[in-house]
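Colleague: quick one, structure for this:
(chains A and B)
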Amino acid sequence: MYIKPIFYFFNKFSNNILCFFLLFFLINVEISFGFFLIFDNSIPSLLSIAIYLCLRKFSIHVSSFSLFTLGLLYDVLLGSNIGINSMFFLLIKYFTEHLKLSFIDNSSKDDWIHFTCVFISSFVITFLLNIIVNLTIPDFSPILFHLGVTLIIFPFLVLSINFIHFITKLIKN
Amino acid sequence: MVSGKPSNNKTSKFGKKINFFLILLCLSLVFLGKLDLIAVRNMKAFMSDFLAPITILFNKPVKEIVAVLEDVKSATSLREENIRFKSQIRRLNVWKSKTESQELELLELRELLKVIPKKNNQIITGRVFTAAGGIFANTVLINVGEKDGIVIGQPAISSLGLVGYVINVGISSSRILLIIDINAMIPIYLTDSNWPAVTQGQNGELLKIRFLSSEAKPLEGEVLETSGHGGQLPSGINVGRIVRSLSDNYYVKPTVNFQKLTYVSIITNFNSKYSSKNNFNGFAPLQKPMPTIGLKGINSSGTRNSESLKN
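Modeller: This next block holds a predicted model:
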């Protein structure tokens, strides 16, 4: 089978574009979550879950440029400092690909622990940068809520994805 | 077999380098953005304008769902609400008669003292189309912009009190920095004791009180209003009430519920010090303070006017 490099890159580019639009859709969904009274303090980070699942579970390569652009759009939509969310998404990507913990095997059972480590380490770096830039320590309750809700949502999302996968497999059979 | 796919090792190394480069770029962008350069500000305004229709499109179904949920919630508590409203109406009627007599008295006193009448605010109301609740910033976008006469620095209010002020203006949309944001500082005064102070947002529910004199003894539930110091905001806009924490510290609970913001009014006729388009916000040499009219809480020399209070 001969595949010319141009087709390989074209395929990769089209995949990236599709991924970009899906993640952009998710950004808007995430922002609109702010209208729910339950997310009074802060909204969960659906995008970090999506990036993690794309890279680790579905083996979809999300390019760094897409994440960078998505982060900039996210910053513009939310009005936060330009570059903060781009950095957060890039760190999520970096840690997902390179963070290897000795007490975790690569099975899907330990996904939650791995995601927790990835998410918290990325968040701490971004949060510290934000403190340096603003020269003020913000209230911790929305931050803890944000972390907690994101970590609670993650296993539910994984379970529902597994369930959908199981059902489609059953239908196919 | 020849494959078009480049070797994995080579791509991963290249990808790692790109990732690092982009992280560094983000880091520099964060600091560059903090400098508040005009180019960055304009780019943000343009992008906000460009993305506004998409955001409205995505937020509409969610807003509808939230409205339906609230309707269901209020339908279940209709009886209790009815009883509560009835008692509230009775209380308001008593207040109304009291206010009417006081208003007449106030008008007579104003006439006697020849007080210059307060200028009526000219407002433009816009619809909020993003929700507050970002982890690093608390801002909202509204659907009025430069074409409607909005300028950076103009105060934003709701029927309950101060919401924030305009920080970025596009052609058809503007961004408002909410008072709960960490970068928002509002000069206020305590309405009962007349002490001036400054509130600072914490990206949470409550505002911190800063620069309050150690002599001041705030009361729980005391109302705070904008003092007008600094010339950025007009005086007399309701900000919130004092609340006391378990650690005996005082905070401010804003009167506005930022989660339920639907419409925001911008005061357009207030000549803010910072609202001029061509105003250069650079560094200027220090100048001797000019004698000015005493503002609420302090006299012309900048100290608290205790004598006037006693009188």
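
Colleague: what number of residues lie near B:Asn19?
Modeller: In terms of burial, B:Asn19 registers 20 neighbours under the definition other C-beta atoms under 10 Å in any protein chain shown. For every residue, glycine as well, the C-beta is placed using N, CA and C.

Colleague: an error on my part: the question was meant for B:Lys147.
Modeller: There are 10 residues near B:Lys147, going by other C-beta under 10 Å.

Colleague: can you tell me how far it is from B:Gly126?
Modeller: B:Lys147 sits 12 Å away from B:Gly126 when distances are taken as C-beta to C-beta, to the nearest Å.

Colleague: give me the contact list for stretch A:13-22.
Modeller: Outside stretch A:13-22, the residues within contact range by C-beta atoms under 8 Å, 6 or more residues apart in numbering or on different chains are A:Ala50, A:Cys54, A:Ile60, A:His61, A:Val62, A:Ser63, A:Phe65, A:Ser66, A:Thr69, A:Leu70.

Colleague: next up, the contacts around the first one.
Modeller: Taking C-beta under 8 Å, 6+ apart as the criterion, A:Ala50 is in contact with A:Leu22, A:Leu23, A:Leu26.

Colleague: which secondary structure element is home to the second one?
Modeller: For A:Leu23, the element it lies in under DSSP states H and E is helix A:5-32.

Colleague: and the helix or strand that that helix is followed by, C-alpha only, in PDB?
Modeller: Heading C-terminal from helix A:5-32, the first helix or strand you meet, by DSSP H and E, is helix A:46-56. As requested, the backbone C-alpha atoms of helix A:46-56 are provided in PDB (Å, rounded to 0.1, in the frame of the first residue of the first chain):
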ATOM      1  CA  LEU A  46     -15.500  20.100  30.000                       C
ATOM      2  CA  LEU A  47     -12.800  21.000  27.500                       C
ATOM      3  CA  SER A  48     -10.000  19.500  29.600                       C
ATOM      4  CA  ILE A  49     -12.000  16.300  29.900                       C
ATOM      5  CA  ALA A  50     -12.600  16.300  26.200                       C
ATOM      6  CA  ILE A  51      -8.900  16.900  25.400                       C
ATOM      7  CA  TYR A  52      -7.800  14.200  27.800                       C
ATOM      8  CA  LEU A  53     -10.300  11.600  26.400                       C
ATOM      9  CA  CYS A  54      -9.400  12.500  22.800                       C
ATOM     10  CA  LEU A  55      -5.700  11.900  23.500                       C
ATOM     11  CA  ARG A  56      -5.800   9.000  25.800                       C
END
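
Colleague: any part of the helix or strand just after helix A:46-56 near chain B?
Modeller: Under the assignment DSSP H and E, the closest C-terminal helix or strand after helix A:46-56 is helix A:64-78. Yes: interface with chain B: helix A:64-78 contributes A:Ser64, A:Phe65, A:Leu67, A:Phe68, A:Gly71, A:Leu73, A:Val76, A:Leu77, A:Leu78 (C-beta under 8 Å from any C-beta of the partner chain).

Colleague: please read off the pLDDT at the last one from the model.
Modeller: pLDDT, the model's per-residue confidence, is 85 for A:Leu78.

Colleague: count the residues that sit near it.
Modeller: A:Leu78 has 28 neighbouring residues, counting by other C-beta under 10 Å.

Colleague: please apply the same query to B:Thr226.
Modeller: Taking other C-beta under 10 Å as the neighbour definition, B:Thr226 ends up with a count of 24.

Colleague: pull the contacting residues for the spatially closest residue to it that is not a sequence neighbour.
Modeller: In space, B:Thr226 comes closest to B:Ile237 once its chain neighbours are excluded; the distance is 4.4 Å by C-beta to C-beta, 6 or more residues apart in numbering or on different chains. Applying C-beta under 8 Å, 6+ apart to B:Ile237 gives the contacts B:Pro155, B:Ile157, B:Gly161, B:Leu162, B:Glu225, B:Thr226.

Colleague: repeat that for A:Gly83.
Modeller: Contacts of A:Gly83 were listed using C-beta under 8 Å, 6+ apart, and they are A:Gly71, A:Leu72, A:Asp75, B:Leu25, B:Cys26, B:Leu27, B:Ser28, B:Leu29, B:Val30, B:Leu32, B:Gly33.

Colleague: any idea of the pLDDT on it?
Modeller: According to the predicted model, the pLDDT of A:Gly83 comes to 88.

Colleague: look up the closest residue to it, ignoring the ones flanking it.
Modeller: The shortest distance from A:Gly83 to any residue that is not its chain neighbour, by C-beta to C-beta, 6+ apart, is 3.3 Å, and that residue is B:Leu29.

Colleague: can I assume the one you found is in contact with A:Asn85?
Modeller: No: the pair B:Leu29 / A:Asn85 is not scored as a contact, 10.8 Å apart, by C-beta atoms under 8 Å.

Colleague: compare the two (neighbour count), which wins?
Modeller: Between B:Leu29 and A:Asn85, A:Asn85 has the larger neighbour count (other C-beta under 10 Å), namely 31 against 22.

Colleague: circling back: tilt between the helix or strand where the residue nearest to A:Gly83 lies and helix A:5-32?
Modeller: Under the criterion of DSSP H and E, B:Leu29 resides in helix B:8-34. Inter-element angle recorded for helix B:8-34 and helix A:5-32: 40 degrees (by axes from the mean of the first three to the mean of the last three C-alpha atoms, to 10 degrees).

Colleague: pull out the buried residues from the helix or strand just after helix B:8-34.
Modeller: If you walk from helix B:8-34 toward the C-terminus, the next helix or strand you reach (DSSP H and E) is helix B:38-76. Of the residues in helix B:38-76, those buried under the neighbour-count criterion (16 or more other C-beta atoms under 10 Å in any protein chain shown) are B:44-45, B:47-49, B:51-52, B:55-56, B:58-59, B:62-63, B:66.
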